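Asker: Structure for this input, please:
(chains A, B, C, D, E and F)
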Amino acid sequence: MGGYGDVQMIDENGLRMDGRSPGDIREVTIETGVIPVADGSCRMTWGTNEAIVAVYGPMEAHPRKIQRQDRAVLDVAYNMAPFSTTDRIRPGFNRRSREISKVTKDALESVVMLELYPRSKIRVTIEIVSAEAGTRCVGLTAASVALADAGIPMTDLVVSVASGKINDVVVCDLNKEEDNYGEADLPMGILPNSGELVFLQMDGDLSQEEFSQAWEYNMEAAQVVHGMMVEALKGGGSQ
Amino acid sequence: MGGYGDVQMIDENGLRMDGRSPGDIREVTIETGVIPVADGSCRMTWGTNEAIVAVYGPMEAHPRKIQRQDRAVLDVAYNMAPFSTTDRIRPGFNRRSREISKVTKDALESVVMLELYPRSKIRVTIEIVSAEAGTRCVGLTAASVALADAGIPMTDLVVSVASGKINDVVVCDLNKEEDNYGEADLPMGILPNSGELVFLQMDGDLSQEEFSQAWEYNMEAAQVVHGMMVEALKGGGSQ
Amino acid sequence: MGGYGDVQMIDENGLRMDGRSPGDIREVTIETGVIPVADGSCRMTWGTNEAIVAVYGPMEAHPRKIQRQDRAVLDVAYNMAPFSTTDRIRPGFNRRSREISKVTKDALESVVMLELYPRSKIRVTIEIVSAEAGTRCVGLTAASVALADAGIPMTDLVVSVASGKINDVVVCDLNKEEDNYGEADLPMGILPNSGELVFLQMDGDLSQEEFSQAWEYNMEAAQVVHGMMVEALKGGGSQ
Amino acid sequence: MSIPIVPKLLRAHLSDLSANNARIDGRSQWEGRNLVVEHSILPRAEGSARVRMGDTIVLAGVKFQIMQPYPDRPNQGGLMCSADVRPIAGRNWEAGPPSPEAIELGRVVDRGIRESGCIDVDSLCIIPGEKAWQVILDLFAVSDDGNLFDAFALAGIAALRNATVPAERFEVGEDYALPVSKTPIMCSYHKVGGRFVYDACSREELGGDERIHITLGDDDNVHSLQKGLKGIFSPEEFSEIMTNARERTKELRKIVDSM
Amino acid sequence: MSIPIVPKLLRAHLSDLSANNARIDGRSQWEGRNLVVEHSILPRAEGSARVRMGDTIVLAGVKFQIMQPYPDRPNQGGLMCSADVRPIAGRNWEAGPPSPEAIELGRVVDRGIRESGCIDVDSLCIIPGEKAWQVILDLFAVSDDGNLFDAFALAGIAALRNATVPAERFEVGEDYALPVSKTPIMCSYHKVGGRFVYDACSREELGGDERIHITLGDDDNVHSLQKGLKGIFSPEEFSEIMTNARERTKELRKIVDSM
Amino acid sequence: MSIPIVPKLLRAHLSDLSANNARIDGRSQWEGRNLVVEHSILPRAEGSARVRMGDTIVLAGVKFQIMQPYPDRPNQGGLMCSADVRPIAGRNWEAGPPSPEAIELGRVVDRGIRESGCIDVDSLCIIPGEKAWQVILDLFAVSDDGNLFDAFALAGIAALRNATVPAERFEVGEDYALPVSKTPIMCSYHKVGGRFVYDACSREELGGDERIHITLGDDDNVHSLQKGLKGIFSPEEFSEIMTNARERTKELRKIVDSM
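Answerer: Coordinates of the predicted model:
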C-alpha cells in the first residue's frame, strides 16, 4: 500500500472526494452474452474498471494427463490487457497475474459443481481491459456471472468486494486516487446466500477494530452487488 | 522499406549500379547433396546470399499427437545464422523468422504430396549463412530443390523471386544497396509449369501499374531460375 | 582462470596463506540424513563450501516417454542458491549449472547400478548454499554419499577433488583467494578402490610435469576424503 | 492456436454451396458482415476503437512511451504494433507464447499501417537525438468468428486516428491529436469451396484453403500483401480479388474517415 | 509442483481423527511442531537464518545490492523477497520456472514483511536520487513436511534482523546492522477433516482443504491475509483462528526478538 | 538433442571389431578422417572457416562488437564463444533452447581457446574504461557425423586467425588483422568396444561409452580437459591418449598455422 503523504481524501462531512459515503461502492453495470463465440460470458464495469470474461466448456480435457476421473478441471486465467493502465503493460509472464489467477481459481472451485463433469475441462478467461482499483474483485465477480451464463451449476454465486483505509478512515471500494494513498486493502469473496467466504486477501495495516469495520462494509456491499448480478442473469442470458 | 534520401541508383542508360538491367537477376548457383547425413539437401547462392537446406524424412512423427492420419506433417524452419549479417544476430526466438518459417511452410505444403506419407513427418531446415537481400526467396527456392533431392514427390517445384522499386523505377531482384533505399518489395513463389502462385508477400508502396510491372518481372525471372534448378537436379543428386 | 597480478600466495617455507602445505586439503565435514523427507541426503562442508544433496527414488519415471526398459534414469541437477556467493546469483537458467549438472550426471551414472531398477527414476538434487571454490567437487562427492545413504547400490563411491596452480606452484584444493589468482584448475572424480576416474575437467595452463603433480595430489587427497565418507555412512544413516 | 481437425463433411458442404454461388451464412461472394466501428471506448488508452464484424469483436488501444531515437535516425520516433489473441477469443486459442498464427496476424497488420506512411515518424520527435514518442498499438481479440485480420486492421487505424499524444502527462508540452495523414485499409479473401470470398466467417476459415490479405492506401496504391495457408491460386484469381479490394477499401475508408 | 492424487482413504482417516479431536501426528488442534530457529548460518549472506518446524526445514539469506532510487521516490531503497522451492525439498516439487504454488508462497510472505513497515525504506538511501540499498531476502526450502509459509516467514524476519549492511565492501561507509523496527509474524491454518488446525504437516495438507494465512504486527494489527485452495469458511471459523493467531504470534515474536 | 536408443547389436558389432583391432569405417585406432580446412568462406563475417572431417561439416564465423570494459578490468576486451547445433545437422538434433549437449560443446571449445591465451584481451582495448572489442566466435554445425568437438575447435581457431578487426566500419581507426598468438588444438577420444579411438564417427559415438577431450597449446601445455558421458577410465588409458594427443595436435597445428 502507498499510504504516504498527508493528502486529505475525506471532507469535513465524512464524504469522499467523489461524493461517496464511507460504505458506498462505485457505479456497477453487468451484461451477459457479450462474447458470441463463448459458452458463457460477462462484461462488468465497476467505476472505470472493465472486465470481460469468457467461459468455454465443459469440453474435453487434453492432454489426457490433466484429466481427473471424478471431476472437471477448472482452468482460470486473469490477465490485464496492455492498454488497461496508464503505463502500458508488457504482455507475458507476470507474477501478480499468476497469483490472482490462482486465488480466483481457488475461489471458483469452491462453488462450481465440478463433480458433474468428470474428465472434462471448463476454461474461464478474465481479461481486464480497463483498470482502476479492485480489478481482482471485478474479475472474480464477473467470472461467477459468466459461469452462470454458461449454465454451469454452482452452489452459489461469488460476490467479491474490497474495503480499505484512507486517512485512517475505513471505507468501502477504494477508487484509483484513494488506492494511491490507501493504507490497507481487504478484498473478500462472499457467498451472498450464506455469508460464507471463498476468497480472502489483505495487505496494509488494520487494527482489529478497523478490520471488523472493513469486513462489515464488504458484507453489506456484497448484498447490493448480488442483486444486480441476479438481475443481469435474468435479463441478459447467453445468445 | 527504407526509401528515404535521394541517392541515385539508376544511371542515365537505365542500368543499375551493378550493371544489371531492371529485369535482370543476380548470379545464382545451385548445388545438391551438400549435407552427407541428410536425406536431401541444397546449397544455393544468389548474389552474396547463401542458403543451406536439409530435408530429413519421411520419418516417424513424434510425439504421436502431432501425427495426422491422412497425411505427413511438414515441419519447416527458416533461420539466419549469427554471422550471416553485418551486425551479428543473437540466436533465439525471433518474430521475423517465425513468420517466414510459416509462410514458407504454407507454400511448400501446397506442392508436396503429403497424402502419400500418412502419420509421418518431413523436416525442412533452411539456414541462411550469408544474407544480402531476398533471403526468404532463396530459402524457399532452395527448399524445393532439397525436397526434390530427397525424392519427395511434389506437383511442381517452387521458384521464388522478388521485385521492388528504387528511385521510382521498378526493378527485379534488389541487391543489398538497392534494398537499403528500396521503396517496395514484392516476393512471390511461382509454380513454373502453370504460372500459378503458392507464396505472395509485399510491403512498401506500389501503384497499380508498378505492381503489374513487378509481377511481370518475377514471372520472367522464375523461368530463368527454374532452368537452373532442373539442371542442378539432373547433375547433382543426393549422395 | 584469473592468473594475473603478482600477489605472493606461497611463503618462503612453501606454505600457503592459510598455513596448508601444497598437498593439503581444507577442513571437511560430512553428515547424512539431513533432509527428513528425502530417501537419502547429505550435507557436506569443505572449507566454507556447503553442499546439501537430496536423493529421491527409485520412483516411477513419468512422463512415460522418459522411461527406459532396461534401467533407471538418473536425473541430476546442480544449482547454486542465490545467497551462496558474495554477489547474489539470480535464480533461473544458467549455462554453467547446466554443464556441471551434465558432467555430474555422467560421473554418477558410471557407478550407480541403474540396471537394477528398470522403468524407474532416481532424482539427485545438489544445492550449493555456500560457495568458496571447488563447489562441483563438493557437490559430486556429497551426491555419492547421499546415494549411499538412500541405499542405492553403486559399484563404488565417487570422491572428487581438484588441484591447481598458483604462483607457478602446483597445490591441492584451492581456496577462494587462491582461486582468484589461480592459473589452472584440475577437478577429478576418482573411484577410491580402483583409482579409476569417472569425472575429469581442467582449464588453465599446466605443463606436462605440473599436470602429473596435480593428478598425484588429487589421487592422494581422494583417499583421505574417502575415509571420512565411509565414516559418515557408518555413523549417520538416513532417518 | 490448437489446430482443429477439419471435418470432410464441412469441406464438402462448402463446395456444394460454392457450386450454387452460395455461402454458409447466406451472404453473397463479395458481401461483408454487419460492421460496427466505435471509438474512445477504453478509458486508460490514449486512443481506442472497437470493431464488430458479425460475431467477430476486437479492441485496439494506443499507448505512448518516450524513447531515445536510434543514433542513425535522431529525428524519428517509432511505431510498434502488437497483436494478441488470448484464450478469451475462442476455444481453439490457447495460453502461452504467441503462436505462429498470432505472430503472422500482428506482422501483417503492422506492415499495412506502417508502409502506408500514415504516421509521419519525423513528427514524433520531441528533442532530436534525445527524446521521441513511441506509439504502441495493441490489438486485442474478444471474439473470433473469422477474419481477425480485417477487424484488427480496421480497429488499428481507427484507434490511431482517435489518439491524443499525452504530452502533458509526460511534461513535454501540451496534448495534441496524433497526426495520421492516411487511411490504409485491409481486405481479406479466403478460398472456400474452390473460389475466393470476402470476409470469411470461422466455419469458412475452418473448411477453406488459402487466404490473401491486401492493404490499399488512399490512392489505391498497394502497401502490403500476404498469402497465408496451404493453397495455389492463379494470376486471374488474384486479379479478381484485387479489383474487389479497390472497391471495398473505398467504402471502408469512408466509414473510418467520417469518424 | 506436481499435484499428487489425494487418496480418499487419507481424507476419511483425517475426518475420523478430527471427529475425535485428534490429529495424525498426535498433536492437539492448535499445537505447533517442535521449533528451532538459528541465525548466522550462511557464510556468504549478510544475514541468515535456518528454521526447523518438525521435519520442515528452510533457509533464509539476505543480500544487498546498490540500486538507483525510482524518480518519484528519490530517498527510498527497496526490499525484494523471493521464495524458491526446488526439487530438493520434496518429491512433488519439480524443476523449472516457479509454479503457481511457489509464486503464491513468495508473494504472501513478502506482503507480510513489507506491509508491517518493519524495514524503513527511507533508511536505505545512500545518496538521494542516486544510490540506495536494495535488500534481497531469498527464502529456500530444504525439506517440505508442510506449512512452508510459516517457516519462510519466520526465517525471513529472523534473517533480516540478523543482517549487516555491507557498506564497506561497496565503499560507501561503515558496516552497520540493518534497522528492523518491527517483528511481523505469520500463522497459518489448514482446514483438515472439517475444522481448522494450526501448523499442518504435509499429510494434513494433502488430505485437507483450504488454508488461511494471517500476519500480525507487534500491536496485533493485521498486515496480510491470504486464503488459498478450494474451500468455504464461515466468519465464525475465521474469528476463531484470528483469536488463536493473536496468541500464537506473541509467543513466536518472543523467540525472534530474543535472538 | 533427442536420445536415440542404442541397438545392442551395434554395441556387440563394435566390440567384435575392437577385439580385432578394427573400426566400423575401416580406420585404425588412432587414424583421423579426411580433413579439409578452408577459410574466408562467409562474406558477412570478419573471419570464417569451414572444416570437413569425413562427413562432419562445420562453419565458424567471427563477428566484432564494441563493449564497455568491466570496471575492474578497464583495459580488456572480451571473447565470447557460442556453439549452436540446429536441426539441419542431423535427424536427432531438435529445435528449441540449447540442449545440455550443445551447451557442453560450446563451453568445452570456449575453454580450450580462452585458456590458451591465444587472444590477448589487453590488445582489444580501444579507449581504456570506455571502449573495447568483443570478439564473438559462432560455431555452426552443418552435418554431424560425429566428433563435432574437434571440428568446432579447429574451425574456431582457424576463423580467429582469419579475422580482421573492422575498425573502419566502427569509425575507430584502420582495420587490422586480429592478433592470435597461439594455436590451441583439441583432440577427442571415444571409448568404443572397450578401447579409446581417435575422431569417432557418429555410429561409434552412438554405440560407444565415454569421451575425453584434450586441448594442448603450442608448447604441449594442457589448456583444457573434459570427460563426457557415462564411463570409467584408468590412469593408464588416459596416459595413452594424452601421448597420442601430443603427436596429433602437432600435425593439426601445422595445417592451421600454414593457412
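Asker: Pretty sure residue D:176 sits against residue D:167.
Answerer: Yes. With contacts counted by Cβ atoms under 8 Å, residue D:176 reaches residue D:167, the gap being 6.8 Å. (Glycine included, C-beta is placed from N, CA and C.)
Asker: The two: which is more packed in?
Answerer: residue D:167 (16 against 12; other Cβ atoms under 10 Å in any protein chain shown).
Asker: Tell me if I am right that that one is in a helix.
Answerer: No. Counting by DSSP: H, G, I helix; E, B strand; the rest coil, residue D:167 is not part of a helix but coil.
Asker: how close does the residue lying closest to it once chain neighbours are set aside sit to residue E:71?
Answerer: In this structure, residue D:167 finds its nearest non-sequential neighbour in residue D:173, 4.2 Å apart by Cβ to Cβ, 6 or more residues apart in numbering or on different chains. Using Cβ to Cβ, to the nearest Å, residue D:173 is found at 19 Å from residue E:71.
Asker: Who has more neighbours out of these two?
Answerer: Neighbour count, other Cβ under 10 Å: between residue D:173 and residue E:71, residue D:173 has more, with 10 against 7.
Asker: Does that one touch residue D:166 like I think?
Answerer: No. Assessed by Cβ under 8 Å, residue D:173 is found out of contact with residue D:166, at 10.3 Å.
Asker: List the contacts of the residue of the stretch 51-200 of chain D found nearest chain C.
Answerer: Nearest residue of the stretch 51-200 of chain D to chain C, counting by Cβ to the nearest Cβ: residue D:97, 15.6 Å away. Residues near residue D:97 by Cβ atoms under 8 Å, 6 or more residues apart in numbering or on different chains: residue B:93.
Asker: Can I take it that it is in a helix?
Answerer: No. Using three-state DSSP, the assignment for residue D:97 is coil, not a helix.
Asker: Sketch out the helices for the stretch 1-150 of chain D, chain order is fine.
Answerer: Counting by DSSP state H, counting those that start in this stretch, the stretch 1-150 of chain D has helices at residues D:8-19, D:100-115, D:148-161.
Asker: cool, and chain A?
Answerer: A:95-109, A:135-149, A:176-180, A:208-235 (DSSP state H).
Asker: Can the last one be said to contact chain E?
Answerer: Yes. Using Cβ under 8 Å from any Cβ of the partner chain, a contact is recorded between helix A:208-235 and chain E, made by A:208, A:211, A:215.
Asker: and if you look at the first one?
Answerer: Yes. For a cut-off given as Cβ under 8 Å from any Cβ, helix A:95-109 has contacts with chain E, namely A:95, A:96, A:98, A:99, A:101, A:102, A:103, A:106, A:109.
Asker: That helix versus helix A:135-149: what angle between them?
Answerer: Comparing the axes of helix A:95-109 and helix A:135-149 via axes from the mean of the first three to the mean of the last three Cα atoms, to 10 degrees yields an angle of 40 degrees.
Asker: circling back: residue F:145: which of the helices of chain A is closest?
Answerer: Evaluated with Cβ to Cβ, those place helix A:95-109 nearest to residue F:145, the distance being 45.2 Å.
Asker: could you check the angle helix E:100-115 makes with the closest one?
Answerer: Going by the same axes, to 10 degrees, helix A:95-109 is angled at 110 degrees with respect to helix E:100-115.
Asker: State the mean pLDDT of helix A:95-109.
Answerer: Averaging pLDDT along helix A:95-109 yields 97.
Asker: Which residues does it contact?
Answerer: So helix A:95-109 is contacted by A:74-80, A:124, A:126, A:136, A:139-140, A:143-144, A:147, A:158, A:160, A:189, A:198-199, A:201, E:98, E:100-101, E:103-104, E:106-107, E:210, E:226-231 (Cβ under 8 Å, 6+ apart).
Asker: Distance check, the residue of the stretch 51-200 of chain D closest to chain C against residue A:53.
Answerer: Distance of residue D:97 to residue A:53, given as Cβ to Cβ: 23 Å.
Asker: swap in residue A:192?
Answerer: If you measure residue A:192 against residue A:53 using Cβ to Cβ, the figure is 18 Å.
Asker: just residue D:8 next, same as before
Answerer: In terms of Cβ to Cβ, residue D:8 sits 35 Å off from residue A:53.
Asker: Filter the contacts of helix A:95-109 to keep only those in contact with chain D.
Answerer: Checking these against chain D by Cβ under 8 Å from any Cβ, the ones in range are A:77, A:79.
Asker: Now that we have the contacts of helix A:95-109, which of them are buried?
Answerer: The neighbour-count test (16 or more other Cβ atoms under 10 Å in any protein chain shown) marks A:74-80, A:124, A:126, A:136, A:139-140, A:143-144, A:147, A:158, A:160, A:189, A:198-199, A:201, E:98, E:100-101, E:103-104, E:106-107, E:210, E:226-231 as buried among these.
Asker: so how far is stretch D:242-255 from its chain's centroid?
Answerer: Here the centre of stretch D:242-255 is set off from its chain's centre by 14 Å, with Cα atoms, centre = their mean, to the nearest Å.
Asker: average model confidence for that stretch?
Answerer: 97.
Asker: Quick one: name the residues of chain A near chain C.
Answerer: Contact residues, chain A versus chain C (Cβ under 8 Å from any Cβ): residue A:65.
Asker: which stretches of chain A have low pLDDT?
Answerer: Low-confidence segments of chain A (pLDDT under 70): A:1-6, A:236-239.
Asker: hmm, try it at 80
Answerer: A:1-7, A:235-239 (pLDDT under 80).
Asker: neighbours around the residue of it at minimum distance from chain B, how many?
Answerer: Proximity of chain A to chain B (Cβ to the nearest Cβ) peaks at residue A:63, 7.2 Å away. A count of nearby residues for residue A:63, using other Cβ under 10 Å, gives 9.
Asker: same deal with residue A:224?
Answerer: 15.
Asker: Nearest residue to the most centrally placed residue in chain A in space, please, no chain neighbours.
Answerer: Nearest to the geometric centre of chain A sits residue A:137, at 2.2 Å (Cα atoms, centre = their mean). Counting by Cβ to Cβ, 6+ apart, residue A:160 is the residue found nearest to residue A:137 once chain neighbours are left out, at 3.9 Å.
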